[in-house]
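*Asks:* generate a structure from the sequence data that follows.
(2 chains)
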Amino acid sequence: MLDRPSSFLFLFLSLTSFVCLSLSGLSNAQEASVSTLSVLTPPPAPVTGVVAYDTADDAGGSISLKWNLSPDDAKGAVNLMEYRVLRAESPDGPFKVVKSVPKGTAGADDTKDVKSGIPYYYVVAAAGVSSETRSETVGPIVSSAQILNLGRLNTLILTVIFIGMLLFFIVKARRGKDLFIRRISGLDALDEAVGRATEMGRPILYVPGLSTLADVATIASINILSGVARKVAEYETRLIMPNFDPVVMTVAQEVVREGYMAAGKPDAYREQDVFYVTSDQFAYVAAVDGIMVRDRPATNLYMGMFYAESLILAETGAMTGAIQIAGTDAVAQLPFFIAACDYTLIGEELYAASAYLSRAPLLLGSLKSQDWMKIIVACCIVIGIVALFFGQPFFRDIFDTPLLFFR
Amino acid sequence: MRRRLPLVLCFVAGVAMLAQYFVPSLESLYENALIWGRVIGSFAMLLGMLSLWRVHQSKIQRKTANWPYSVITLVALVFMIAAGILTKGKYLVPAAGAKGLTHVLSKIFDFDAIFMNIQIPIQATMFSLLAFYIASAAFRAFKARTFEATLLLVAAAIVMLGRVPIGAYIPNIPLGFLHLDINVQTLTAWILEVPNTAAKRGIMIGVGLGMVSTCLKIVLGIERTYLGGGD
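*Replies:* This is a model prediction of the structure:
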């Protein structure tokens, strides 16, 4: 039982607090509840098991931390607001906050002005409304740059294998070995298509796709253009090539000019036939459709990357009665081209086109390496399926998980 | 030299990009290459506009068929360039009480309004053609002339029925001996998840290998057609 003076003091302090709160105009219920909480809620329990280490597979300048969540990190808990990562260059401090993460997060990466080679010490604080509880200090940890990104080691090994096979088959082709390549009807039809346009006295329309030269499909399209340009020059047929990208236009102009020069007809080349239209998707489609309807090309060639406009192009061409050959690696657009075009180069047939048309031994050798790589991939898939069927995930894990035993 | 220098540049750049993927310290090379690409693309846009101008100017001068469309193209090009420069691509709000030329210009060269009220509806119009073209392409392509065409027709019919609300009203087909109830939705899901996905993955594996092969051929100088004139 409190004595009378203590009771009076307690009552006095309580009344004073009540009056002060009322007079301070705390109409905001949240502020009132927060300030009440700050008085009533205990500080949060600290995190445990803090581990800090140099971030893997980076160029330095980053240190990663992991910890076990505070016991107060539960749904509905009000005494824990966030976690704060504090850093110092000596175990005695001064520690400064370098990162804050919301509650429920059990890790963070410190990338704020971390210098490689300097040892750092860390503390993780569980922060409440007005107080925080710090963990034990961990350290020293030094950030450093890794020479190799071990997370991509699988890719590196497969790339080295692929390059090795590519060089092997190129050397084999150079020695005069005859390499079989199956018929690709879309490419065989190119000659027929160019001949048809020449006989009808109508031009050929070449659409290189709606992407930039950064897209490999566009590069493959330019490779095909080279062969088409030479044929077109030999037959003195007009080639119309509207371009979506100005960089592609400049390369295409050079390729077509070289094609005419190789055919011995440099004067027949018309630069205005290889032109830029627009870099807007449907504006480009409208322009190409207009060319098809007005100029009535006898042959339409769609080679490259296409998107939603593929069927608009192909159907308009079909309505004008042109023979159409399409080639794209866009899996979503292949069905439209298959339905609307006479011939379609599916996926990698687009990339095989330059080797198929030129029959150059070096290029044919590269096709062989692709085929053998596909066989290796297929075998890996079968082995993985069989292994998983018998409850052994090790083979899948080789490809799924980075090779952690190198760390 | 004319052909050797681009090959050397291509080799060095290709090896650098390959190296930056595996060596963390070289990752800034990729970011710098992207910036260079944007700068080159901006200059190439000037070349593109020049090409566009020359093509249409030639058509206007020679009064070829449909030359008025070329006039509209060039006027629209100049107008939008002017609107973009004047408004910096933003909605130009005239100062309160502004009169005269500034007010008139802000109304005429309203870049944002032109884009939203002219370009967007035109794009939507072109996109809407797709619905009609899908119908016409389906009508032409889905004919049971060969086994593959018949298979395509049957699969397309099942998937189309499975994707529309009326498909839910088609009664189930009980297969008691297999302890299964087949309905159109189940068949649609199976067609899309099993054979369709398998085919797509097979094509994508081939495409991926083809991409790597093409890139290696270009980097190593085996493929030179992009230089023009082949070997």
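
*Asks:* from now on I want contacts and neighbour counts done on CA atoms only, so please keep to that.
*Replies:* Fine.

*Asks:* now do the closest residue to residue A:243 other than its chain neighbours, the pLDDT please.
*Replies:* Closest residue in space to residue A:243, ignoring its immediate chain neighbours: residue A:276 at 4.7 Å, by Cα to Cα, 6 or more residues apart in numbering or on different chains. pLDDT for residue A:276: 95.

*Asks:* hang on, isn't residue A:276 packed against residue B:55?
*Replies:* No: shown here, residue A:276 and residue B:55 do not form a contact pair, counting by Cα atoms under 8 Å, at 9.0 Å.

*Asks:* when those two are compared, which one has more neighbours?
*Replies:* Between residue A:276 and residue B:55, residue A:276 has the larger neighbour count (other Cα atoms under 10 Å in any protein chain shown), namely 27 against 19.

*Asks:* re the thing from before, which ones are touching the residue nearest to residue A:243?
*Replies:* Residues near residue A:276 by Cα atoms under 8 Å, 6 or more residues apart in numbering or on different chains: A:242-246, A:249, B:48-49, B:51-52.

*Asks:* tell me which of these fall in helices.
*Replies:* The members of the contacts of residue A:276 that map onto helices under DSSP state H are A:246, A:249, B:48-49, B:51-52.

*Asks:* what is the burial count for residue 105?
*Replies:* In the absence of a named chain, chain A is used. Residue A:105: 14 neighbours (other Cα under 10 Å).

*Asks:* hmm, no, I was thinking of chain B.
*Replies:* Around residue B:105 there are 15 other residues, counting by other Cα under 10 Å.

*Asks:* part of a strand, is it?
*Replies:* No: with DSSP: H, G, I helix; E, B strand; the rest coil as the criterion, residue B:105 is helix rather than part of a strand.

*Asks:* quick check: pLDDT value at it.
*Replies:* As predicted, residue B:105 sits at a pLDDT of 70.

*Asks:* do the same with residue B:85
*Replies:* The score at residue B:85 is 82. That number is its pLDDT.

*Asks:* helix or strand: which one has it?
*Replies:* Following DSSP states H and E, one finds residue B:85 within helix B:67-87.

*Asks:* for that helix, list every residue counted as buried.
*Replies:* By 16 or more other Cα atoms under 10 Å in any protein chain shown, the buried positions in helix B:67-87 come out as B:67, B:70, B:80-81, B:83-84, B:86-87.

*Asks:* same check on stretch B:132-150?
*Replies:* For stretch B:132-150, the neighbour count (16+ other Cα under 10 Å) marks B:133-134, B:137-138, B:141-142 as buried.

*Asks:* let me see the ranges of the helices in chain B.
*Replies:* Counting by DSSP H, the helices of chain B are B:4-22, B:27-62, B:67-87, B:101-108, B:111-114, B:120-141, B:147-163, B:184-191, B:197-219.

*Asks:* so for residue A:102, which of those helices sits nearest?
*Replies:* Nearest to residue A:102 among the helices of chain B is helix B:27-62 (29.8 Å), distances taken as Cα to Cα.

*Asks:* convert the C-alpha atoms of stretch A:68-76 to CSV, please.
*Replies:* Only the C-alpha atoms of stretch A:68-76 are listed here, as CSV (Å, rounded to 0.1, in the frame of the first residue of the first chain):
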residue,chain,number,x,y,z
ASN,A,68,16.8,-14.8,-37.3
LEU,A,69,13.7,-12.7,-36.9
SER,A,70,12.9,-11.1,-33.5
PRO,A,71,10.5,-13.1,-31.4
ASP,A,72,8.3,-10.0,-31.5
ASP,A,73,8.0,-10.2,-35.3
ALA,A,74,4.6,-11.6,-35.3
LYS,A,75,1.4,-10.6,-37.1
GLY,A,76,-0.3,-7.8,-35.2
